[in-house]
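Chemist: Next one to model:
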Amino acid sequence: MTDSANHAGSDDSEDDFDAEEWRDQLEAHREEKDDFFADHPQSPIPPEERDDFEGLDYFDPDPDYRVTASVEYHDQPEPVEMEVSAGRPQRYLRVATLHFDLGEGDDTDSHELAGYRQQADDDGLFVPFRDKTTGQQTYKDGRYMEFEAEGDLADTDEMVLDFNLAYSPFCAYSETFACPLPPEENWLEVEIRAGEKA
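Modeler: Got it, this is the predicted structure:
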């Protein structure tokens with residue numbers, strides 16, 4: 001298991017959504033990640049601190065932060081230079097813009113996040129972001145999500161964004177890692193009280 005193990009399918013049907021099954025899978029994923037962090041040689045927790053590691057801290061699972069986003073695919077993706085916590089900037093391609101709503105009724109707000117790949121033919125979609133919990137309840141340099149479209153992203157109209165899968169990058173646990181920082185276009189002016197806490 002690695003830093004990038006959080007994924008969600010792109011064609012989940014909301015009609016088939018089973019909240020209890022979803023919660024069980026999320027909790028199982030979190031337990032698996034705790035085991036990896038506690039014992040695996042590639043854990044980002046420094047070896048001398050692993051004996052005291054008692055598990056990561058999370059917001060409670062909340063299906064309100066599992067939303068369907070419309071996918072705006074970019075045929076000619078623009079390059080984006082992402083600053084990194086240490087070292088030189090890294091080059092990514094902005095391959096999609098994800099449009100979604102959060103909230104209910106009169107409190108519903110529309111938002112968007114860019115999705116990136118390091119190569120245009122990669123399968124995954126990297127979605128780093130900051131929100132109003134950043135530096136408060138969550139890691140000071142933002143969090144990540146990663147998703148894999150089932151099929152060609154260019155043919156995908158919608159995908160599920162599950163912020164309950166948001167996680168802190170490895171540099172949150174050790175300065176030996178260099179992590180891309182979410183670009184300003186992915187700074188959300190709202191609290192995302194879901195996923196991994198600081």
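
Chemist: for the protein, longest strand please?
Modeler: If you go by DSSP state E, the chain has its longest strand at strand 66-82.

Chemist: for that strand, the distance to its chain's centre please.
Modeler: For strand 66-82, the separation from the chain centroid amounts to 14 Å (computed by CA atoms, centre = their mean, to the nearest Å).

Chemist: which stretches of the chain form helices?
Modeler: Listed in chain order, the helices found in the chain under DSSP state H are 19-39.

Chemist: Dump stretch 100-111 to CSV, keeping only the CA atoms.
Modeler: The C-alpha atoms that make up stretch 100-111 are tabulated as CSV, following Å, rounded to 0.1, in the frame of the first residue of the first chain:
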residue,chain,number,x,y,z
PHE,A,100,-19.6,19.8,-8.2
ASP,A,101,-22.0,21.1,-5.6
LEU,A,102,-21.7,20.9,-1.8
GLY,A,103,-24.5,21.6,0.7
GLU,A,104,-28.2,21.3,0.5
GLY,A,105,-31.1,23.5,-0.5
ASP,A,106,-30.4,27.2,-0.3
ASP,A,107,-27.0,26.5,1.2
THR,A,108,-25.8,24.6,-1.9
ASP,A,109,-22.6,26.1,-3.5
SER,A,110,-20.9,25.2,-6.8
HIS,A,111,-17.2,24.5,-6.8
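
Chemist: That stretch: which residues count as buried?
Modeler: Under the neighbour-count criterion of 16 or more other CB atoms under 10 Å, stretch 100-111 has 100, 102, 111 buried. Glycine gets a C-beta too; all of them are placed from N, C-alpha and C.

Chemist: Likewise for stretch 87-94?
Modeler: Quick answer for stretch 87-94 (16+ other CB under 10 Å): 90, 92-94.

Chemist: Quick check: mean pLDDT of stretch 148-165?
Modeler: Stretch 148-165 shows a mean pLDDT of 89.

Chemist: cool, and stretch 120-133?
Modeler: 91.

Chemist: now the residue nearest the centre of the chain, nearest residue through space, not along the chain?
Modeler: Nearest residue to the geometric centre of the chain (CA atoms, centre = their mean): Met145, 1.3 Å. Distances taken as CB to CB, 6 or more residues apart in numbering put Val127 closest to Met145, at 4.4 Å, once the chain neighbours are dropped.

Chemist: who touches that neighbour in this structure?
Modeler: 98, 113-116, 144-147, 161, 186 (CB atoms under 8 Å, 6 or more residues apart in numbering).

Chemist: repeat for Ala154
Modeler: Neighbour list for Ala154: 73, 75 [criterion: CB under 8 Å, 6+ apart].

Chemist: that older thread, which ones among the contacts of Val127 are found in strands?
Modeler: Among these, the residues falling in strands (DSSP E) are 98, 113-116, 144-147, 161.

Chemist: Highest neighbour count among those?
Modeler: Within the ones in strands among the contacts of Val127, most neighbours by other CB atoms under 10 Å means Gly115, with 30 neighbours.

Chemist: isn't Met159 right next to Glu72, touching?
Modeler: No. Met159 is beyond contact range of Glu72, at 11.3 Å (criterion: CB atoms under 8 Å).
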